[in-house]
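Participant: Based on what follows, work out the 3D shape:
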Amino acid sequence: MTNTNRFQRRRFLKTAAAISAASSLPDWFLDECRANPQPQPSASANDRPSVALIGCGGRGRGITQEASRFGNVVALCDVDDAQLEGASQQWPKAKRFKDFRSLVERRDVDIIVCGTVDHWHTLVSIAAMRGGKDVYCEKPLTLTVDEGKHLISVARETGRILQTGSQQRSDPKFRLACELVRNGRIGKLEHVDVFVPAGRREGPFQASAPPAGLNWEMWQGQTPEVPYVKERTHVTFRYWWDYSGGTMTDWGAHHNDIALWGMGLERSGPVSVQGKSLVEMIPGGFTAASLYDVQYTYASGVTHRCRSTTANAWNGAIIDPKGQQHGVKFIGSDGWVWVTRGAIEASDPEILVEPLPSDAKRLYASDDHMGNFFASAAAGKQPVCDVEIGHRSASVCHLGVIAMRLGRELKFDPSSELFVGDAQANESLSRPMREPWTYDVL
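Facilitator: Numbering: from 1, shown residues only. Below you'll find the predicted structure:
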């Protein structure tokens, strides 16, 4: 019996419940969420792990505020005195550090929260795990595909727990969408559409002397040495290819992660990718593509398209002038499911209303991303977005960036994580590290 016939037998389209479920969680799934035990902070300060923040910008402070529900913030580290001072006002008793290597070796620290700029995620996380710490690292987890392989190796070598900050994994709407898809609720999955905000296209920018209190040499780390440009730092670092991949790796690490989860390929990847930048970047300005179109194909025949909308990621808008909201749309032979932050919809509301059967495939249930990390670290078990998942989610974005930069279709082997018969593309899976930085950071 097809999905369509089954739904025709149980028609609730005229009921208020079905109409409501078109944009919110259905009652049966809400009941399941309420039944899930939630991580609870320890009532005793002595039983709480010690937390250190590396990278004290606004995002770092935000996620550490979340971490402070479960642990005691005892140390702060940043190469920028202004950022360090801002965090110190929030946690005045925390010790201050300028070099993360001194911090991760301390025995009085249990947990590292990595809120640095993207190009520091891997080396900080490696050093933290080798220093005996569990790590909550912001997404995208890596700067290159090769970095992810090293992170997985170190996590296995040390036995430490790493949670990637792809918090949509702990959003019930995204989990429900993926469970419906993986249980055939929309029939055979055929295509996934991902929409992300556009990046910024500005410039040229002027070099200047670094501000007092910023260690520009340390900030650059492994990346090529260049004169200081204000727009290379803080929020706008993500629009430079040297340090990130634009919104393709920023928002893409969220929504492409959900695409992989729904396909059941969160530990694998595509077999081909092609992409193009839709606008030339301004010489002397931001270098990561701001408008783009990337298409993937998987061994199952499912296709996956990731496109930028015309809405900018940092102007407060999530809908472009043509009305396209960013999010993920799974399209199957019998219907579709659309999910974004704050909403889930379907081609037929009953796709959402009818409960999944008792023998349905269920996914890792987490409704508190930071709480899941602390509970996992305490139990020595893998969290909802472990190091391998974080690596694969970042990798699918990196593959798209590489395809855009090379301007041709690329064949990829998700098992070996190498391009097939393309030496130039394989060179792009890693980047040279500027001395003295290596993976042997400690």
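
Participant: The strand or helix carrying residue 135 pairs with which strands, and in what direction?
Facilitator: In the assignment (DSSP states H and E), residue 135 maps to strand 134-137. Its sheet considered, strand 134-137 pairs with strand 111-114 (parallel), strand 162-164 (parallel) by DSSP bridges.

Participant: Excluding its own residues, what touches the shortest one? List them.
Facilitator: Residues outside strand 162-164 that contact it (Cβ atoms under 8 Å, 6 or more residues apart in numbering) are 125, 129, 134-139, 141, 151, 155, 369, 372-373, 376, 383-387, 389-390, 393. Heads up, the C-betas are built off the backbone N, CA and C, glycines and all.

Participant: Select, out of the strands paired with strand 134-137, the one closest to residue 170.
Facilitator: Residue 170 lies closest to strand 162-164 among the strands paired with strand 134-137, at 9.7 Å (Cβ to Cβ).

Participant: Could you pull out the buried residues of that closest one?
Facilitator: Residues of strand 162-164 classed as buried by neighbour count (16 or more other Cβ atoms under 10 Å): 162-164.

Participant: could you redo those as a markdown table and give each row pLDDT and distance to residue 145?
Facilitator: Shown next, in a markdown table, are the buried residues of strand 162-164 (pLDDT from 0 to 100; distance: Cβ to Cβ, whole Å):
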| residue | pLDDT | distance to residue 145 |
| --- | --- | --- |
| 162 | 98 | 17 |
| 163 | 98 | 20 |
| 164 | 98 | 15 |
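
Participant: Nearest to residue 191 among these?
Facilitator: Residue 191 lies nearest to residue 164 out of the buried residues of strand 162-164, by Cβ to Cβ, at 25.8 Å.

Participant: Please name the nearest non-neighbouring residue to the closest one.
Facilitator: The shortest distance from residue 164 to any non-neighbouring residue, by Cβ to Cβ, 6 or more residues apart in numbering, is to residue 390 (2.9 Å).

Participant: What is the longest helix anywhere in the chain packed up against?
Facilitator: The helix that spans the most residues within the chain, counting by DSSP state H, is helix 387-406. When contacts are defined as 3 or more Cβ pairs under 8 Å, 6 or more residues apart in numbering; DSSP states H and E, helix 387-406 packs onto helix 145-158, strand 162-164, helix 247-250, helix 252-263, strand 272-277, strand 292-297, strand 410-413, helix 423-427.

Participant: quick revisit: if I read this right, the residue nearest to residue 164 contacts residue 139, doesn't it?
Facilitator: Yes: counting by Cβ atoms under 8 Å, residue 390 touches residue 139, with 6.7 Å between them.

Participant: Can you give me every residue that contacts the residue nearest to residue 164?
Facilitator: Residue 390 is in contact with 137, 139, 141-142, 148, 151, 162, 164, 166, counting by Cβ under 8 Å, 6+ apart.

Participant: do that again at 7 Å, thanks
Facilitator: 139, 141, 164, 166 (Cβ atoms under 7 Å, 6 or more residues apart in numbering).

Participant: List the ones among those residues that fall in strands.
Facilitator: Members of those lying in strands (criterion: DSSP state E): residue 164.

Participant: Out of the contacts of residue 390, the closest to residue 423 would be?
Facilitator: Residue 423 lies nearest to residue 141 out of these, by Cβ to Cβ, at 25.9 Å.

Participant: Can you tell me how far the spatially closest residue to that closest one that is not a sequence neighbour is from residue 256?
Facilitator: Distances taken as Cβ to Cβ, 6+ apart put residue 390 closest to residue 141, at 3.8 Å, once the chain neighbours are dropped. Taking Cβ to Cβ, to the nearest Å as the measure, residue 390 falls 12 Å from residue 256.

Participant: same check, this time on residue 337
Facilitator: Computed as Cβ to Cβ, the residue 337 to residue 256 distance reads 16 Å.

Participant: re earlier: quick one: the residue nearest to residue 164 and residue 61, what's the gap?
Facilitator: Noted for residue 390: a distance of 21 Å to residue 61, by Cβ to Cβ.

Participant: Can you find the helix or strand of this structure with the lowest average pLDDT?
Facilitator: Sorted by mean pLDDT, DSSP states H and E, the helices and strands of the chain end with helix 16-21, the least confident at a mean of 37.

Participant: All set, thanks.
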